[in-house]
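A.B. asks: The following comprises the amino acid sequence and a computationally predicted model.
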There are 2 protein chains.
Amino acid sequence: MAQLRLALAQVNPVLGDLAGNARMIRDRVAEAAAAGAHLVAFPEMVLTAYPVEDLALRESFVEASRRALVRLAADLATDGYADLPVVVGYLDRADENALDGDPGRTLPQNCAAVIHGGRVVGRYAKHHLPNYGVFDEYRIFAPGESLTVVRIRGVDVAIAICEDLWQEGGPVAQTRDAGAELLLVINGSPYEREKDDTRLELVRRRAAQAGCTLAYLNMVGGQDELVFDGDSMVVGTDGVVLARGPQFVESLVVVDLQMTPSTVDDAALPEGVVHVVVSSEPADRYAPVDPPMYPRLDPVEEVWRAVGLGLRDYVRKNGFRKVLLGVSGGIDSTVVATIAADVLGGENVVAISNPSKYSSDGSKDDAAELAKNLGLDYRVVPIQPMVDPFLASLGLTGVAEENLQARVRGVIWMGISNQEGPLVLANSNKSEVSVGYSTIYGDSVGGFAPIKDVPKTLVWELASWRNRYAEARGEPPPIPEATITKPPSAELRPGQTDQDSLPPYEILDAILAGYVGVAHGRERLIADGFDPATVDRVIQLVDRAEWKRRQFAPGPKISPLAFGKDRRLPITSRWREEGEDRS
Amino acid sequence: MAQLRLALAQVNPVLGDLAGNARMIRDRVAEAAAAGAHLVAFPEMVLTAYPVEDLALRESFVEASRRALVRLAADLATDGYADLPVVVGYLDRADENALDGDPGRTLPQNCAAVIHGGRVVGRYAKHHLPNYGVFDEYRIFAPGESLTVVRIRGVDVAIAICEDLWQEGGPVAQTRDAGAELLLVINGSPYEREKDDTRLELVRRRAAQAGCTLAYLNMVGGQDELVFDGDSMVVGTDGVVLARGPQFVESLVVVDLQMTPSTVDDAALPEGVVHVVVSSEPADRYAPVDPPMYPRLDPVEEVWRAVGLGLRDYVRKNGFRKVLLGVSGGIDSTVVATIAADVLGGENVVAISNPSKYSSDGSKDDAAELAKNLGLDYRVVPIQPMVDPFLASLGLTGVAEENLQARVRGVIWMGISNQEGPLVLANSNKSEVSVGYSTIYGDSVGGFAPIKDVPKTLVWELASWRNRYAEARGEPPPIPEATITKPPSAELRPGQTDQDSLPPYEILDAILAGYVGVAHGRERLIADGFDPATVDRVIQLVDRAEWKRRQFAPGPKISPLAFGKDRRLPITSRWREEGEDRS
């Protein structure tokens, strides 16, 4: 038997902060060394953070990543960890053998380095490049071809990166052929609802296919539209979960593995496998530690944590300390304010109430109560004095007057933001963003839109979950009950409710889940039992709102198909399913 | 000798308008038949228009494209053109042999159909899928593998699509091996400055490599960020240009080719070539027509036409008739208003002058003069009455007060737009968009940004060109001379000029051409002779404005690297070249 103490560093790097990320890696290596680890691994492209998008096409950035890696290797030795092998994701030039689909351009590679003895002793380049959903990796990377296997304490460890795991061929099959005892996969895999189950099943299947233990390490943190949720895990060949890290928080997952020492010699390795021997001597026998085994979060709590992490990191990584948002007493602004207060502290949330002559007393009371419950920096700025001169000068009526109220609010928020510095948040939910139920340059202003990917029906679930969560901890529920129970309204004209213009949200969200979520067409939606006229109306609203979405702030992706990089549609388009056969 | 009269239909389809595009194709086939053509060709994906982006991933859209093609074939026969072969680009399901890089998804193909006798008799799928710049074709298409060669009047015509021409292997080499006499390449190739020269050289090189005449057919028209510029051409094996179509306008380019009749029989064809015989009998001898041979436009006029076409088509294809913009008497709004008046008519341009207490008399006079010269729908709405209540309520000062003025203007424009219906245009140029020199939700509001990809120095050239153009035609120059000669200013505080905050535009634009245009890093820019402090300042401004650009309206791409789909960078990024080694 050979033992291996593996430390998976489920960390939160900052995009482009090479020096800061290197410091963080050194701190975690020290922690892993103190825990007696034989091997420490960091996530995909941890040194640059991920995804770097077209920064990969800047030669100066690629070279900076390479220099940072070399310096990190030297610094780790200086720190006293020359003997501890460390696997670090980074951005590198393509090696000479890299495939490059695009003549005339040299694309870099998404790599993992094995650091040992103050030097980079091994290098692996990601084979399978995802180019769907939010990913554009054919655009920016050249694929690798060879597999790297590192012998540590007599155990052969194969390395792969993220998408390599989702594809059957390539590194998984090569790992089996190479006879490795452990497949270490480093990831930058963004959160989606229920993806943890998918991942576990996948990891089990691949462990069986690779014929060895599989360690899955994922990043944590928010990066623009993406939230990396951690949830690292180690699974045996037989599918048994040996360790599982927490969701949404940083952690050093330490797990002891019992392996058969490798007997493969280099001459027996299949072509395309690079074998690096770090240490052949098995570790002295020791008593294994209890591995972490975090349970899954409640499915609604999971969304709350994802949105909170995405928001917190957007704020923090962009150098803000405070946020500002309009609070109306409605469910959307209430949930956004509560999430913001949870992750930033209520005192760092500037909440502006902008009552108009159409605002009900109930709404104003609910907003004030929420602000008190959360300790927000609450201010009331009535809008009528600013609205009136526009009306006097321009004579706006109807929808133009409704939009004017929303835009005056936007000007107030941006004015205070420019004066005092907080980041403005947009409160629109996914149902509204889908059908364009917002005023561009009005309630949609803001640099970040926390619940942009959360359908209205789920916004209500989030609010109820948050109150239950408080109650379970013996705290007063923060969200006023009336906010959850009253009919939703933009309060831009007397007696207005959302359902004057939109189907009931349960129906709207179900149609959107089909039309937007999985690209079902009109026929399929009608076959699924939705009313044809409602389907036509929703499709038309969604199609016509594309131009507004293009100018919308980013927000954290929580669904398999979020607006933003995930869904790329022309603005100019006369394609309307319902009209096709009538022309 | 075999003769072939080829008609290249350089047309302007509308995205998603399958019925409308089919009608347009039928009209052009009738025109080509009347001109005695033996073969009519249409651009890449003419039936759906191009690029369809993620619409390709909607099964209902793919099936609609297939049905529209079958109906078009039948309709052409009904119209009396059963005997005239027609090549039409469209979107199709993948054939059974299609490669598909993405297990679990079935991607469609970017295809060309050969229509004859009321049926689709041949089909070719694009081999090389561009996945750089504005293109995402690995995301949405499966590549084809076989070459389709059609025998028409005894002449073998090979078909290829766009990117197939830019890559040396594949269809070009297969065309030579198949012994075809003509390589017909249908394109959706977007305009960039000086790309026409690149294309001609490429076409010459590929004609020599394919060992046959090469017909290059390109689309015309605007589609969101892209402008297709036509410029179709036919080049002999020896590189001689046999015909060249106009730039930026629709045209049926008819050219007579003298060919050797093909003697290749199917048994002799290399593997991977599908041979379709439409007609083996050469045409009776006839006198050839003179082919069109349009000269290239002046390089500055070319930009004017590109921006005008992009604007006109965005307006028209999205169902607008009028546009609205703020006019300040400055160079940017003046050039946008003049281009808009050129393509839409002055009476369809609502020009709002929004003087403040900081507006100079000269600016107001210049705006009024421009409006008179162009016959604009000119209105003056002073902003002070709307600005004052915000100041009274919020006490904004400094930059917050400057931005407030810009935002009040934006609210006025959007209010009139909501009330009356015109599309609002944003006037920002590329220099401003690069460094973030605009107020978000203020002067940057608008659904389309015509000069977003035009650097400030080129904006001045455009204005001068337009006045010279008028003079050359004996018309009064539309643009007031003072607008061109005065120092640029946002007029948001007393005596302000752009150069208070920015380097001189000649220097700024040169640095941006390096940093943004070709991704040169700090070191390279300094080696090129730019002042290090200025380089650092510009880099910092560009990097920090990413969030504003993400919310900016689309505008026509005229450079090799435009903001938008062409340049995808993280908002959250601490990468700063100048800071790298100081940490």
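C.D. replies: Perfect, I can see it now.
A.B. asks: What parts of the stretch 351-500 of chain A come near chain B?
C.D. replies: Counting by Cβ under 8 Å from any Cβ of the partner chain, the stretch 351-500 of chain A comes close to chain B at A:381, A:385-386, A:388-390, A:392-397, A:399-400, A:403-404, A:407-408, A:410-412, A:414-416, A:418-419, A:440-441, A:445, A:447. Every C-beta, even on glycine, is put in place using the N, C-alpha and C of the backbone.
A.B. asks: Identify the residues contacting residue A:194.
C.D. replies: Residue A:194 makes contact with residue A:299, according to Cβ atoms under 8 Å, 6 or more residues apart in numbering or on different chains.
A.B. asks: Provide the count of other residues in contact range of residue A:419.
C.D. replies: 18 (other Cβ atoms under 10 Å in any protein chain shown).
A.B. asks: Likewise for residue A:321?
C.D. replies: When neighbours are counted by other Cβ under 10 Å, residue A:321 comes out with 12.
A.B. asks: Distance of the residue lying closest to residue A:43 once chain neighbours are set aside relative to residue B:340?
C.D. replies: Nearest non-adjacent residue to residue A:43, counting by Cβ to Cβ, 6 or more residues apart in numbering or on different chains: residue A:219, 3.9 Å away. The gap separating residue A:219 from residue B:340 is 47 Å, by Cβ to Cβ, to the nearest Å.
A.B. asks: picking up where we left off before, would you mind listing which of the residues of the stretch 351-500 of chain A next to chain B are buried?
C.D. replies: A:381, A:386, A:389-390, A:394, A:396, A:400, A:403-404, A:407-408, A:410-412, A:414-416, A:418-419, A:440-441, A:445, A:447 (16 or more other Cβ atoms under 10 Å in any protein chain shown).
A.B. asks: Dihedrals phi and psi, the residue nearest to residue A:528 when sequence neighbours are not counted?
C.D. replies: Closest residue to residue A:528 apart from its sequence neighbours, by Cβ to Cβ, 6+ apart: residue A:514 at 6.5 Å. Backbone torsions of residue A:514, given as degrees, to the nearest 10, read phi -80, psi -50.
A.B. asks: what's the helix or strand for the spatially most central residue of chain A?
C.D. replies: When Cα atoms, centre = their mean is applied to chain A, the residue found nearest the centroid is residue A:227 (1.6 Å). Secondary-structure assignment from DSSP states H and E places residue A:227 in strand A:226-229.
A.B. asks: Which elements pack onto that strand?
C.D. replies: In terms of contacts (3 or more Cβ pairs under 8 Å, 6 or more residues apart in numbering or on different chains; DSSP states H and E), strand A:226-229 is packed against strand A:220-223, helix A:299-317.
A.B. asks: model confidence over it, on average?
C.D. replies: Strand A:226-229 comes out with an average pLDDT of 98.
A.B. asks: Equivalent analysis for stretch A:547-560, please.
C.D. replies: When pLDDT is averaged over stretch A:547-560, the result is 97.
A.B. asks: these two touch, right, residue A:18 and residue A:47?
C.D. replies: Yes - contact criterion Cβ atoms under 8 Å: residue A:18 and residue A:47 qualify, at 6.2 Å.
A.B. asks: Between the two, which contacts overlap?
C.D. replies: A:65, A:68.
A.B. asks: wait, doesn't residue A:452 sit right on residue A:425?
C.D. replies: No - shown here, residue A:452 and residue A:425 do not form a contact pair, counting by Cβ under 8 Å, at 10.3 Å.
A.B. asks: Identify the contacts common to these two.
C.D. replies: Counting by Cβ under 8 Å, 6+ apart, nothing touches both residue A:452 and residue A:425.
A.B. asks: And the strands in the stretch 301-450 of chain A?
C.D. replies: Here the stretch 301-450 of chain A has its strands, by DSSP state E, counting those that start in this stretch, at A:323-326, A:349-353, A:377-380, A:423-424.
A.B. asks: Please produce a markdown table containing these, extended by mean neighbour count.
C.D. replies: A markdown table is the format used below for the strands of the stretch 301-450 of chain A (neighbours: other Cβ atoms under 10 Å in any protein chain shown):
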| stretch | mean neighbour count |
| --- | --- |
| strand A:323-326 | 26 |
| strand A:349-353 | 25 |
| strand A:377-380 | 16 |
| strand A:423-424 | 24 |
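A.B. asks: Show me what the next helix or strand after the strand holding residue A:227 pairs with in its sheet, parallel or antiparallel.
C.D. replies: Using DSSP H and E, the helix or strand that follows strand A:226-229 in sequence is strand A:233-235. Applying DSSP bridges, strand A:233-235 is found paired with strand A:213-218 (antiparallel), strand A:241-244 (antiparallel).
A.B. asks: So residue A:278 sits against residue A:148, correct?
C.D. replies: No - look at residue A:278 against residue A:148 with Cβ under 8 Å: they stay out of range, at 11.6 Å.
A.B. asks: Report the buried residues of stretch A:337-352.
C.D. replies: A:337-344, A:346, A:348-352.
A.B. asks: what do you get for stretch A:304-321?
C.D. replies: Buried residues in stretch A:304-321, counted by 16+ other Cβ under 10 Å: A:304-318, A:320.
A.B. asks: For that stretch, give the mean pLDDT please.
C.D. replies: For stretch A:304-321, mean pLDDT rounds to 98.
A.B. asks: quick one: pLDDT of the residue of chain A positioned farthest from its centre?
C.D. replies: No residue in chain A sits farther from the centre than residue A:392, which is 46.3 Å out by Cα atoms, centre = their mean. Here the pLDDT value assigned to residue A:392 is 96.
A.B. asks: Ok, residue A:97 next?
C.D. replies: For residue A:97, the predicted pLDDT is 52.
A.B. asks: what does residue A:329 give?
C.D. replies: For residue A:329, the pLDDT comes out at 95.
A.B. asks: tell me the contacts of it?
C.D. replies: A:353, A:362, A:363, A:364, A:365, A:366, A:367, A:370, A:480, A:482, A:483.
A.B. asks: I'd like to know how far the fourth one sits from residue A:382.
C.D. replies: Computed with Cβ to Cβ, the distance linking residue A:364 and residue A:382 is 10 Å.
A.B. asks: The third one now?
C.D. replies: The spacing between residue A:363 and residue A:382, counted by Cβ to Cβ, is 13 Å.
A.B. asks: neighbour-wise, which of these two wins?
C.D. replies: Shown here are residue A:363 and residue A:382; by other Cβ under 10 Å, residue A:363 has more neighbours (21 against 14).
A.B. asks: Now that one. Nearest residue, chain neighbours left out?
C.D. replies: residue A:329 (3.5 Å).
A.B. asks: Kindly report the same for residue A:120.
C.D. replies: residue A:113 (4.8 Å).
A.B. asks: try residue A:312
C.D. replies: residue A:343 (4.0 Å).
A.B. asks: Double-check that neighbour against residue A:314; I have them as touching.
C.D. replies: No - shown here, residue A:343 and residue A:314 do not form a contact pair, counting by Cβ under 8 Å, at 10.4 Å.
A.B. asks: Quick check: pLDDT value at the residue nearest to residue A:528.
C.D. replies: If you check residue A:514, the pLDDT there is 97.
A.B. asks: give the contact list for it.
C.D. replies: By Cβ under 8 Å, 6+ apart, the neighbours of residue A:514 are A:520, A:524, A:525, A:528, A:530.
A.B. asks: before we move on, back to that, which residues are common contacts for residue A:364 and residue A:382?
C.D. replies: residue A:355.
A.B. asks: Contacts for stretch A:196-214 next, please.
C.D. replies: Outside stretch A:196-214, the residues touching it (Cβ under 8 Å, 6+ apart) are A:158, A:165-166, A:168, A:172-173, A:175-176, A:180-183, A:185, A:189, A:216, A:229, A:231, A:233-239, A:241-242, A:247, A:257, A:259, A:296.
A.B. asks: Pull out the buried residues from it.
C.D. replies: In stretch A:196-214, counting by 16+ other Cβ under 10 Å, buried: A:196, A:199-200, A:202-210, A:212-214.
A.B. asks: which residues touch residue A:51?
C.D. replies: Counting by Cβ under 8 Å, 6+ apart, residue A:51 makes contact with A:45, A:134, A:135, A:188, A:223, A:226, B:570.
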